[in-house]
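Undergrad: Structure here, sequence nowhere to be found:
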């Protein structure tokens, strides 16, 4: 952003660089080269991971993979339909809980939040982003699974909510802050009550930006394994019962990767390609929308 | 003006019932959003309380031994819970991750913020953020089936033959044959490093972790580099400094404490990373100098033992206590990190960093 302007301002006239001492020039070159090396090093794993998941995963994809329950170990065929349904169920319920919670908290922070409570909430939301996901799982196990007496999709969804709530809060707050103050003032000056100003003016203006925040939270929740492991347990049969143990795609990948059964490894790669594709599409779309949104509001 | 706008203002004449209703609406709406915001604080408090209560039995029974003991035996009647091997493994893998990731992340942040990349900047930044979007289990799967064999047969023998021959630090990279406890109750099982079908090691796990924390360390470093005032750079450049000298003299000194903050946040994420690490770390209880030995981490042991644990003894309580230890450390690191980054912003008099780098930085680990 600022870099480009600085760079042009600081570009040296060709004559000057020739008078620069050799060691200074060499150092500068070496430094630039090492920065580029860092860029290259960072891209390497992404390329490798996407490539191998593609190569290994594609062959596992067929109709059975998406529509059948698992075959017995070693038997050919079978699918992981219950994992897809489980992921949809768990993530769907988590969105249902985390979106209102996160959005309301964000509205507080950006529209009302002044003083100590607001800065405390902002701080807590920020550090909650660092909660290890396994800890969210253990926490919800101790609260929900113990109380219900069973592992369940609902417990999984609550565990994901713990992780998604602060994400949606922080991301939505950033976006609400981009809404120009004049719009709020205009509405308030017309005598529109505060809450209506927020609901009818601020939120629609932020519109797709909020959607972006939700997409990022979904991408994160969808890929979580550890909290699901401790709360939803896993399931071999197709079920949509929210209070029964449920499966999830990442959980199935985790379990299959650790067995010695080769056919299950193949299914794990198949799950990985679907999961990776979904998460990457969500993240890229979210970024694209966020950029467009920021340009539009500004 | 009032007369002209008269019929545009819905509440202009302020009929009492309408005004009362909207005031009620305001109060309801505000109350709701305040309580959801305060709910986040309550959530954190509840989490700490629940884990403390859950872990109390184990902590009170074993006391300090819980943190210093080297034996972990969940068999009821012979229960012994010393978490040192997990603490050791967690620290070692995280340290490897930090050592590998921080220099690259700082370089990457400088590349993205300080160099003229033209059209390359945005795609590069997006790709780095995408590393954060990849689910933990996909890292684990890739690490287990693709990366680990390469490390076992090529990378680690190579390191043993090169750095491994150096005195002192060489010990970290040697690891020909060790006998380690591969599982509880079977202490004499031996694992030949690198050639065991399910034997991962600390080093492999550390490298995977480095890749996983790279995006967040980069994002936070970019945040702090971005608040260094432009005049400092322009001053240095105007004096004829090269790009390298500008960065070293005008940018890095101001960004330093923020970079420390970024490192701490990365460390916090590395400590809590579960699934990918548990798939490649080898799950061995030994403690020793070699990085090529199987290890075990706190999150990994919670993940692999929690479902089998019962509440008859204190096994489950011990796992909850581990979760408590983990979350306290991560939260403290995150809090310190946030403060350091804020301090950088105040130090250079820039705006409090927010936004730009925040959104992609949100999704890390799993």
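TA: Noted; the coordinates are in hand. This is a predicted model, so every value here is computed, not measured.
Undergrad: Up against chain A, what does the stretch 51-200 of chain B have?
TA: Contact residues, the stretch 51-200 of chain B versus chain A (Cβ under 8 Å from any Cβ of the partner chain): B:51, B:53-54, B:103-108, B:110-111, B:113-116, B:124, B:126-131, B:133-142, B:144-146, B:197. C-beta coordinates here come from the backbone N, C-alpha and C atoms, glycine included.
Undergrad: give me that answer again for 7 Å
TA: Within the stretch 51-200 of chain B, the residues that sit near chain A (Cβ under 7 Å from any Cβ of the partner chain) are B:51, B:54, B:104, B:107-108, B:110-111, B:113-116, B:124, B:126-128, B:130-131, B:133-138, B:140-142, B:144, B:146.
Undergrad: Go ahead and build a ChimeraX selection from the buried members of these.
TA: Here is the ChimeraX command that selects the buried residues among these (16 or more other Cβ atoms under 10 Å in any protein chain shown):
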select /B:51,54,104,107,108,110,111,113,114,115,124,128,130,131,133,134,135,136,137,138,140,141,142,144,146
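Undergrad: Give me the most central residue, the chain.
TA: In the absence of a named chain, chain A is used. Centroid-nearest residue in chain A: residue A:220, 2.8 Å away (criterion: Cα atoms, centre = their mean).
Undergrad: Switch to chain B, please.
TA: So for chain B, Cα atoms, centre = their mean, it's residue B:269, sitting 0.7 Å from the centre.
Undergrad: how about it, secondary structure?
TA: Following DSSP: H, G, I helix; E, B strand; the rest coil, residue B:269 is assigned to helix.
Undergrad: Could you tell me the per-residue confidence at it?
TA: What the model reports for residue B:269 is a pLDDT of 93.
Undergrad: Quick check: residues of the stretch 151-298 of chain A near chain B?
TA: Checking the stretch 151-298 of chain A against chain B by Cβ under 7 Å from any Cβ, the hits are A:162, A:165-167, A:169-171, A:174, A:190-195, A:216, A:219-220, A:223-226, A:229-230, A:233, A:250, A:253-254, A:257, A:268, A:272, A:275-276, A:279-280, A:283, A:287, A:290.
Undergrad: what about residue 240, how many neighbours?
TA: The chain I'm using is chain A. Using other Cβ atoms under 10 Å in any protein chain shown, residue A:240 is surrounded by 12 other residues.
Undergrad: please go with chain B instead
TA: The burial count for residue B:240: 14, using other Cβ under 10 Å.
Undergrad: Just say helix, strand or coil for it.
TA: Classified using three-state DSSP, residue B:240 is coil.
Undergrad: Please apply the same query to the one 4 residues further on.
TA: Using three-state DSSP, the secondary structure recorded for residue B:244 is helix.
Undergrad: can you pull the contacts of it?
TA: Neighbour list for residue B:244: A:27, A:28, A:31 [criterion: Cβ atoms under 7 Å, 6 or more residues apart in numbering or on different chains].
Undergrad: what's the pLDDT at it?
TA: For residue B:244, the pLDDT comes out at 93.
Undergrad: now it, nearest residue through space, not along the chain?
TA: Once flanking residues are discounted, residue B:244 sits nearest to residue A:31: 3.8 Å by Cβ to Cβ, 6 or more residues apart in numbering or on different chains.
Undergrad: So the one you found versus residue B:61, what's the distance?
TA: 56 Å (Cβ to Cβ, to the nearest Å).
Undergrad: what do you get for residue B:229?
TA: Residue B:229 sits 56 Å away from residue B:61, going by Cβ to Cβ.
Undergrad: and what of residue B:222?
TA: 47 Å.
Undergrad: Who has more neighbours out of these two?
TA: Neighbour count, other Cβ under 10 Å: between residue B:222 and residue B:61, residue B:222 has more, with 26 against 16.
Undergrad: What about the residue nearest to residue B:244, how many residues nearby?
TA: Residue A:31 - counted by other Cβ under 10 Å - has 18 other residues nearby.
Undergrad: What of the one 10 residues further on?
TA: By other Cβ under 10 Å, 16 other residues sit near residue A:41.
Undergrad: That one against residue B:101, yeah?
TA: No: using Cβ atoms under 7 Å, residue A:41 and residue B:101 do not qualify as a contacting pair, with a distance of 10.1 Å.
Undergrad: what is in contact with those two at once?
TA: Counting by Cβ under 7 Å, 6+ apart, nothing touches both residue A:41 and residue B:101.
Undergrad: Give me the mean pLDDT for stretch A:269-276.
TA: Stretch A:269-276 comes out at a mean pLDDT of 97.
Undergrad: oh sorry, the question was meant for stretch A:95-108
TA: 96.
Undergrad: cool, stretch B:169-182 as well?
TA: Stretch B:169-182 shows a mean pLDDT of 63.
Undergrad: which residues of the stretch 51-200 of chain B fall in helices?
TA: B:65-68, B:84-114, B:121-133, B:136-142, B:148-150, B:156-161, B:170-173 (DSSP state H, counting those that start in this stretch).
Undergrad: who touches the first one?
TA: With Cβ under 7 Å, 6+ apart as the test, helix B:65-68 has contacts from B:58, B:59, B:81, B:82, B:83, B:84, B:87, B:321.
Undergrad: change it to 8 Å
TA: B:58, B:59, B:81, B:82, B:83, B:84, B:87, B:318, B:321, B:325 (Cβ atoms under 8 Å, 6 or more residues apart in numbering or on different chains).
Undergrad: In that helix, which residues are buried?
TA: residue B:66.
Undergrad: what distance separates it from the centre of its chain?
TA: Put simply, helix B:65-68 sits 24 Å off its chain's centre (Cα atoms, centre = their mean, to the nearest Å).
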